[in-house]
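>>> Provided below for reference: sequence and predicted model.
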Amino acid sequence: MSVERWSAAQVEALAPDPASLRNARGAAGQFSATGLTGDILWGLCRGYQVAADLAGPAFKCSCPSRKIPCKHVLGLLLHWSESGVADLPAPEFATRWQAARSRPRSTAPPDPVAAAKRARGRADRVAGGMAELRRWLDDQIEQGLAVAGRAGPEPFETMAARLVDAQAPGAAGAVRRLGGFAGVGPHWADRLLGELALLRLLVDGHSRLGDLDPGLAATVKSRIGIPTPAEEVLAGPRVGDRWQVLGQVETDEGALTSRRTWLHGSTGRFALVLSFAAPGQPLPTDLIPGTEFRGDLCFHPGAAPLRALVAERVSAAEPFGSPDGAGSIRAGLSRWAALVASEPWRYDAPMLLAAVRPTADGHLVDAEGSALPLAPGHREPWWLLAAAGAGPATVAAEWSPAGLRPLAAWVDGRFVPAAAPVPDSGARRSAELPPELLTAALVGTGRRPWSASALRVGALTVDLGAGAALLEAAAVALTCRRAGVEPAIGRVPLEAAPSETDAPLPPAAGARLGRILGGGAPGGGHHEQELLAQWLAAAASRGGVVPPVLLPDLLEAGRRNTSVRADMARVAGRRGAWLAAQRAEWRWLLNEAAPALTCDWTTATSAERLGHLTALRATDPDRARELLESTWAEESSDNRARFLETFGPGLSTADEPLLERALDDRRKEVREAALDLLRHLPGAALGRRMTDRAHTAVRFGESGRLTVEPPTELDRDLRRDGVGATPVRGVGVGAWLLEEVLAGTPLDTWTGQAPGPGGPSDDQPGRPGLGLEPAGWIAAARGHDWANPLLHGWAKAAVVQRDARWASALLAADNGTLREAVRWDLHLVLPPDVLARLATTALRSEDGSAQRLLGLHPGPWSDGLSVAVLETVEQRARTDRHTWQLGELCRAAGLAMPPGYADLAGRLAARLDQIVDPARVRPVAELARTLTFRHEMLQELQ
């Protein structure tokens, strides 16, 4: 029988850390031979012998890595899960390992006499430890919890060490945990007294083991740290059913990683499967949340059996649409009360809730109106709001006195895992025990003896009987409080999100986006940002909305990276805008959303008016300007700047009076927004003023030579027209003013007839307008005493006005005169084909500027440039002593080279793999993977 191929999720769960998983994706494409022999999956990867026993799982690799599994094993499993393996004969190393794995281990039969002697010895040690724990607990209450709070964790550590020696590790761990919060935080005394009371109840249970029900006795022994061996559990009765895996919770305890997996049967029974792993070791991946299987479970004995072992599977795991047996909150609390009554030490239990909706204050409310609070770290369930849009959903969760900890949800038959908890400093724990108990415990029974025979716990009066000790009373009160919890009433769920009007993007494209947002894209963090931008641009161009479950991660990415917000707004849909309105950090999306006209300009919000102006400028720019003029004086500085930025479409001379008015604004951002618009407005008065200044300062004299007379001072008019007051270091005031004036002058006034009234003409030889080309002006300036400010002024004007003709001429004539920052800014103005030619020439001449030129090219690169880059990659891989230059070149190529070159890059990596050091092949292989990733990404969006 062939082994069922694992899913990618099963393989990813094995990774010891995210870096191993990223490296494994690269190794997945480097196997020269693979195969499957029985349960043994094997492969050859760059000389390493790799194998995995799928039945274990167990792993073997000849590489020196200490991680288990290493990247080669993970890569082999990924390769198998995605495309299967070849049908090749197994090599000798795989058959040898298979034989070693299948060889039966000889085990001598246990000596029953010795085993009984060891059991009696442990029982005696545990009994002694429990007796000492009883005395220690009585001492804590007699001296008072206030003393314990001041003493710190040392007394608890000492008692825990004694219990470890007594072979009672469960009780030892409980005592050690007490030292972590004694005297710390609000209500610490309430929590400490409750835990001490439960420990005293455990001690009393151990002293009466022989009188207890077998199930309760097994629970007491398990809590002390004497579990039932797995062999005995598996030898017990089996429970066959169709088991649905609801969710998992992983806990890192330093020396051990534990996982709780909750299952639910079609008969309504819950089961808890625990698994543990040492640091660096993988946890089992046989139970995948959101899948179901038919099989038998064996439950550990107990008063309320929940923990179980999977005894046998009789079917493969398959996804299911929605879990069986979901019920109301009151039904879940009823099961919880019965569980606590049977096992008072139980702190949490599963709940499967039907048709629940979140509220604004961190609750889930069901169709009956009953509500339960979410636990700290989960009180803002953005993942659930995104997936369900505040509509009804089935939710699996763990309930505890701290609240609901969601495991997963099902929305329209789709499984949605819960997000990880987030730090929640605002969470506050409420007291669980009556104040009279706490008062007596803090002071100590040595000073204030406890003698009450009844307690008030909520609405219930509990009869304790005569002579009840304080810890016994606390245990009764705590159990009653936890078992008798009532749901909250009157909580109002959030209003549901509006229905989507756009079609969803293809499922494969959504999965690709999830991979990018989840850190699964090749190339690391920098590549992830660039790939996200490319994905969003392609998706926005195609049209459609992203899967709702990805919206929280997508909005977080947009919060950190403003450059992708416009495209993100186009694919977020109505659900994204609704979600963004719920959280202040995401409300930027509302400003990026498609603009819409509002009904009343005076009563609309700032965001609504911004959208209104944006939409109106495209259809009726004059009306948009009139609206802004009507409230200009009352607008805040921020609003004036933001509203002016919408004036690009439909910009005309009719807008000039308002923009001239904005030049006198006290806020710098408003003045800069107006200047930017006026500099792009043909025939604007600003351009004429700057032209008059420039042509007065720079002109041809009667001798035909260039005459320069720069401004002598920075007056108020110059400041108003945008001339900066702070010169570059080493530049004089006159040179700086000349450079700034030229930077604000329209370039067409140097190469043709100056526009507007008072402009120069051909019959005015002292003025420009002689029709010189840029190269002519640059030639006239070179060698001049004022050449530096002249060339820099024209260069800055070319950058601002995006004039490629002037930029090309300035770069062609530059002999090192231009400042480096200005020179590279000129490259940004060049068309892509010009940049490509410059970069190709620099690569083939081994010019050091080639890498920077490539970084300026937005992509996609031309065929000529792509071929030149691949040639350079091969040359550097063969000859360069350092790999960092090769790595930088491959990283740039991976994002800008056309994806169709993935095959060529892959073949180049395979060819280099045979002749150069692996460190030089790695960046080339990464280039091929990135190109393949982009190719698949774009195909999915077509």
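Looks like it came in fine. Numbering: from 1, shown residues only.

>>> Strands of the stretch 201-350 of the chain, start to end?
Using DSSP state E, counting those that start in this stretch, the strands of the stretch 201-350 of the chain run over 239-252, 257-265, 270-277, 291-299, 308-313, 318-319, 349-358.

>>> Of those strands, flag the one that's most buried.
strand 349-358 (a mean of 24; mean count of other CB atoms under 10 Å). Bear in mind the C-beta positions are built from the backbone N, C-alpha and C, glycine included.

>>> Which elements pack onto it?
Using 3 or more CB pairs under 8 Å, 6 or more residues apart in numbering; DSSP states H and E, the elements in contact with strand 349-358 are strand 257-265, strand 270-277, helix 329-342, strand 363-365, helix 382-388, strand 393-400.

>>> Direction included, what does the last one pair against?
Strand pairing for strand 393-400, using DSSP bridges, gives strand 349-358 (antiparallel), strand 403-411 (antiparallel).

>>> which stretch of helix or strand covers the closest residue to R574 other than its chain neighbours?
Nearest residue to R574, sequence neighbours excluded (CB to CB, 6 or more residues apart in numbering): P498, at 4.8 Å. Here P498, judged by DSSP states H and E, is contained in no helix and no strand.

>>> Would you mind telling me which of the strands paired with strand 393-400 is nearest A55?
For the strands paired with strand 393-400, distance to A55 was read as CB to CB. The smallest value, 27.9 Å, belongs to strand 403-411.

>>> Check what pLDDT the nearest residue to W382 once chain neighbours are set aside gets.
Among residues not flanking W382 along the chain, P552 sits closest, at 4.2 Å (CB to CB, 6+ apart). Note on P552: pLDDT of 96.

>>> helix/strand/coil for P552?
With DSSP: H, G, I helix; E, B strand; the rest coil as the basis, P552 sits in helix.

>>> Please apply the same query to F59.
strand.

>>> Against L78, how distant is it?
Using CB to CB, to the nearest Å, F59 is found at 13 Å from L78.

>>> A51 now?
15 Å.

>>> and the two? which has more neighbours close in?
Ranked by neighbour count (other CB atoms under 10 Å), A51 and L78 place A51 first, with 25 against 22.

>>> Show the backbone phi and psi for the more buried one.
phi -150, psi 150 (degrees, to the nearest 10).

>>> State the helix or strand in which the nearest residue to G793 once chain neighbours are set aside lies.
Using CB to CB, 6+ apart and skipping residues adjacent in sequence, the residue nearest G793 is L742, 2.6 Å away. According to DSSP H and E, L742 maps onto helix 733-743.

>>> quick revisit: dump the strands of the stretch 201-350 of the chain into a markdown table; add mean pLDDT and distance to P918 as well.
Shown next, in a markdown table, are the strands of the stretch 201-350 of the chain (pLDDT from 0 to 100; distance: least, CB to CB, whole Å):
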| stretch | mean pLDDT | distance to P918 |
| --- | --- | --- |
| strand 239-252 | 93 | 33 |
| strand 257-265 | 93 | 32 |
| strand 270-277 | 91 | 30 |
| strand 291-299 | 95 | 38 |
| strand 308-313 | 94 | 41 |
| strand 318-319 | 90 | 39 |
| strand 349-358 | 97 | 49 |
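
>>> Out of those strands, flag the one nearest T614.
strand 349-358 (32.7 Å).

>>> what's the distance between the closest one and the middle of its chain?
Averaging C-alpha positions (CA atoms, centre = their mean, to the nearest Å) puts strand 349-358 26 Å from its chain's average.
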